[in-house]
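> predicted model follows, preceded by the sequence.
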Amino acid sequence: MTAEAAVPDFDEPQLAKAVERLSPQQVHALPFGAIRLDAEGTVTFYSDAERRLSGYRKEVVGRTFFTEIAPCMNNPGFKGRIDRALAAGKLDLAFGYTGDMPSATMELDVRIQSATGGGCWIFLRREI
């Protein structure tokens, strides 16, 4: 009998590693959004939780995140932080951000960590 991986809390220090131990179904069921991007910024995973919480219903896998899905995050305060962290060699970010879906006043807690094999995970928790 195999034990299922424990479902991590948003504040788990090694959140990306913990999420990567989960089945896709478990990641879809997390209480916060989970998005995985490859090294070029293309979406390779977009959780059902993120789809539900953001209200974004279009298919996103295979599309470029910062130009096709979330151009509102293609700015110095979001993507710029990722670029600076990558240049410094340490992608492990946590910050607050005001999102625009579904409301311009939606407060987000953001965690961004390196993904195994390249790219990154973006985790989004909404203050509802």
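Noted; the coordinates are in hand.
> quick one: least confident helix or strand in the protein?
strand 92-99 (a mean of 90; mean pLDDT, DSSP states H and E).
> ok now stretch 84-94, how far from the chain's centre?
Chain-centre distance of stretch 84-94: 15 Å, with CA atoms, centre = their mean, to the nearest Å.
> ranges for the strands of the chain?
33-37, 43-46, 92-99, 106-114, 120-126 (DSSP state E).
> neighbouring strands of the first one in the sheet, and parallel or not?
Translated: strand 33-37. Note on strand 33-37: by DSSP bridges, its sheet partners are strand 43-46 (antiparallel), strand 120-126 (antiparallel).
> any weak-confidence spans in the protein?
Applying pLDDT under 70 to the chain flags the ranges 1-5, 99-105, 128.
> returning to what we had before: taking strand 106-114 as reference, get the angle to the least confident helix or strand of the chain.
Orientation of strand 92-99 against strand 106-114 (axes from the mean of the first three to the mean of the last three CA atoms, to 10 degrees) gives an angle of 160 degrees.
> what's strand 92-99 packed up against?
With contacts defined as 3 or more CB pairs under 8 Å, 6 or more residues apart in numbering; DSSP states H and E, the packing partners of strand 92-99 are helix 79-88, strand 106-114. To be clear about C-beta, it is placed using only N, CA and C from the backbone, and glycine gets the same treatment.
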